[in-house]
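Asks: after the sequence you'll find the predicted model.
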Amino acid sequence: MGLVVQKYGGSSVADAEGIKRVAKRIVEAKKNGHQVVVVVSAMGDTTDELIDLAEQVSPIPSGREFDMLLTAGERISMALLAMAIKNLGHEAQSFTGSQAGVITDSVHNKARIIDVTPGRIRESIDAGNIAIVAGFQGVSQDKKDITTLGRGGSDTTAVALAAALDAEVCEIYTDVDGVFTADPRVVKKARKIDWISFEDMLELASSGSKVLLHRCVEYARRYNIPIHVRSSFSGLKGTWVSNEPQGDQPMEQAIISGVAHDTSEAKITVVGVPDKPGEAAAIFRTISDAELNIDMVVQNVSAASTGLTDISFTLPKTDGHKAMSALSKAQPVIGFDSLRYDDQIAKISLVGAGMRTNPGVTATFFEALSNAGVNIELISTSEIRISVVTRADDVKEAVRAVHTAFGLDSDSVEAVVYGGTGR
């Protein structure tokens, strides 16, 4: 039996009973002969409560102190979990991200992992202990400040530790039974996927699927770490995410893996851009200099009479006002007419490696949206994904229509969200 890294989300350790239940599952893995390293998130809504508290004290807290505050949530849950495991007769030691050797860059609130040096973790498990690591956090390489990894940081911590420790598998425990063909809160008859490739999972994650975050899957693919997504509330088999199927799973992948949606983005339209070389570059250099990421981009056909065009792009709502401010300051240099901001949009994505070799997928997708009366504002495609932007009010109906059109509906209700969040 090899080494297993397990990660438990906030809903799994939301209260004392949840922590005790998780402790029993961890001890069971230890009894089965595994060396066990556990990454844990903050309890329930602790992180959100700490954010609210910080905003009451200071409208613009410093990044360093904000990170110091937020990491307290994981330290609480890791210590309580270690206590619960000891009560079951097994030795456990808890470690902060910095003690576990998670080294990051110095960008507060959304740091990236540079390296993992898990010497203390290795010593602990070699001595027979279960190691409990606080997720979502690390220490900056240059200033030695505490940093946080941003949304989905605990998943990324778990995969990074699994890679550094050469683990057999990284088990991500959530409040759903695996990865489903759509959000189970929206599509009650969504089907659980037994196995999905890193490639398809990356597209689903970047398109809004909340079970796994993009950075986590990207890290796992880079180091070829199989991920097993399971529920901490049931004993059912979950979803394997890997390069190749695990065990007796079929080799042939479904044409369509799933339908994802995202309501966390906004759309900015730059109106009246001179249609000449360098204008688009100037717009997106401005966005880049503001350290903002964008998603979909569409440029309209230039009007012959004016020689002007419009450029629209999407980005996270949380970055919307920063982008508008940066572009407004650059308006005299770039020379566009005006800006439009719209945060009442939703992105719907159809994902599947099988669309490369199966004609008709695009037609079926757009027919389903048309039959549901859903209007399309933007379109973006790749070899294995089609994404559209619609009105936010239409997103649930659109997802259900597309899910049914591609035969993804289960005969029964399989999708259960035990903890209420789908993460």
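Replies: Here it is on my side, so go on.

Asks: what residues of stretch 105-123 count as buried?
Replies: Using 16 or more other C-beta atoms under 10 Å as the test for burial, stretch 105-123 gives 106, 108, 110-111, 113, 116, 118, 121-122. No exception for glycine: its C-beta is placed from N, CA and C like everyone else's.

Asks: start to end distance for that stretch?
Replies: 25 Å (C-alpha to C-alpha, to the nearest Å).

Asks: show me the strands in the stretch 201-350 of the chain, by range?
Replies: In the stretch 201-350 of the chain, the strands defined using DSSP state E, counting those that start in this stretch lie at 227-231, 239-242, 258-262, 265-274, 297-299, 308-316, 338-342, 345-351.

Asks: figure out which of those is closest to Gln99.
Replies: Closest approach to Gln99 among the strands of the stretch 201-350 of the chain is made by strand 227-231 (24.4 Å; C-beta to C-beta).

Asks: that's a helix at Glu397, yeah?
Replies: Yes. Using DSSP: H, G, I helix; E, B strand; the rest coil, the assignment for Glu397 is a helix.

Asks: can I assume it is in contact with Val374?
Replies: Yes. The criterion here is C-beta atoms under 8 Å, and Glu397 meets it with Val374 at 6.7 Å.

Asks: those two: who's more crowded?
Replies: Using other C-beta atoms under 10 Å as the criterion, Glu397 and Val374 rank with Val374 on top: 22 against 15.

Asks: so who does the more buried one touch?
Replies: Contact partners of Val374, counting by C-beta atoms under 8 Å, 6 or more residues apart in numbering, are 390-391, 394, 397-398, 401.

Asks: start to end distance for stretch 182-191?
Replies: With C-alpha to C-alpha as the measure, stretch 182-191 spans 8 Å from end to end.

Asks: list the buried residues of that stretch.
Replies: For stretch 182-191, by 16+ other C-beta under 10 Å, it's 182-184, 186-187, 189-191.

Asks: over to stretch 214-229?
Replies: Buried residues in stretch 214-229, counted by 16+ other C-beta under 10 Å: 214-221, 225-229.

Asks: can you list contacts of the host helix or strand of Lys20?
Replies: In this assignment (DSSP states H and E), Lys20 forms part of helix 16-31. Outside helix 16-31, the residues that touch it by C-beta under 8 Å, 6+ apart are 4, 6, 8, 11-13, 36, 38, 43, 77, 80-81, 84-85, 87-90, 130, 173, 232-233.

Asks: please pick the buried ones from the residues you listed.
Replies: Buried, going by 16+ other C-beta under 10 Å: 4, 6, 8, 11-13, 36, 38, 43, 77, 80-81, 84-85, 90, 130, 173, 232-233, out of the contacts of helix 16-31.

Asks: what's stretch 47-67 in contact with?
Replies: Contacts of stretch 47-67 (C-beta under 8 Å, 6+ apart): 10, 41, 69-70, 72-73, 108-109, 136-137, 145-148.

Asks: ok, of the buried residues of stretch 214-229, which one's closest to Ala158?
Replies: Using C-beta to C-beta, Cys216 comes nearest to Ala158 of the buried residues of stretch 214-229, at 7.6 Å.

Asks: any idea how far that closest one lies from Ser206?
Replies: Separation of Cys216 from Ser206 (C-beta to C-beta, to the nearest Å): 12 Å.

Asks: quick one: which of the contacts of helix 16-31 sit in helices?
Replies: Judged by DSSP state H, helices contain the following of the contacts of helix 16-31: 77, 80-81, 84-85, 87.

Asks: what two of the residues you listed are the furthest from one another?
Replies: Using C-beta to C-beta for every pair in the ones in helices among the contacts of helix 16-31, the one that comes out farthest apart is Ser77 and Asn87, at 15.6 Å.

Asks: please enumerate the helices of the stretch 251-400 of the chain.
Replies: Counting by DSSP state H, counting those that start in this stretch, the stretch 251-400 of the chain has helices at residues 279-289, 320-334, 361-371, 395-405.

Asks: what angle separates the last one from strand 345-351?
Replies: Helix 395-405 runs at 20 degrees relative to strand 345-351, counting by axes from the mean of the first three to the mean of the last three C-alpha atoms, to 10 degrees.

Asks: where does the stretch 251-400 of the chain dip in pLDDT?
Replies: 251-253, 304 (pLDDT under 70).

Asks: hmm, 80 instead?
Replies: Residue ranges of the stretch 251-400 of the chain with pLDDT under 80: 251-254, 301-305.

Asks: just give me the residue closest to the centre of the protein.
Replies: Leu213 (1.8 Å; C-alpha atoms, centre = their mean).

Asks: what pLDDT does that residue get?
Replies: According to the prediction, Leu213 has pLDDT 87.

Asks: wait, isn't it in contact with Ser207?
Replies: No. The pair Leu213 / Ser207 is not scored as a contact, 12.0 Å apart, by C-beta under 8 Å.

Asks: so which of the buried residues of stretch 214-229 sit within helices?
Replies: Among the buried residues of stretch 214-229, the members falling in helices are 214-221 (criterion: DSSP H).

Asks: including distance to Gly407, could those residues go into CSV?
Replies: Shown next, in CSV, are those (distance: C-beta to C-beta, whole Å):
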residue, distance to Gly407
His214, 27
Arg215, 32
Cys216, 29
Val217, 25
Glu218, 30
Tyr219, 33
Ala220, 29
Arg221, 28
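
Asks: average pLDDT across stretch 405-421?
Replies: In this model, stretch 405-421 carries a mean pLDDT of 74.

Asks: quick one, helices of the stretch 51-200 of the chain?
Replies: Here the stretch 51-200 of the chain has its helices, by DSSP H, counting those that start in this stretch, at 63-70, 72-87, 119-126, 153-164, 198-206.

Asks: elements contacting the longest one?
Replies: Helix 72-87 is packed against helix 16-31, strand 35-40, helix 46-57, strand 92-95, strand 130-134, with contacts defined by 3 or more C-beta pairs under 8 Å, 6 or more residues apart in numbering; DSSP states H and E.
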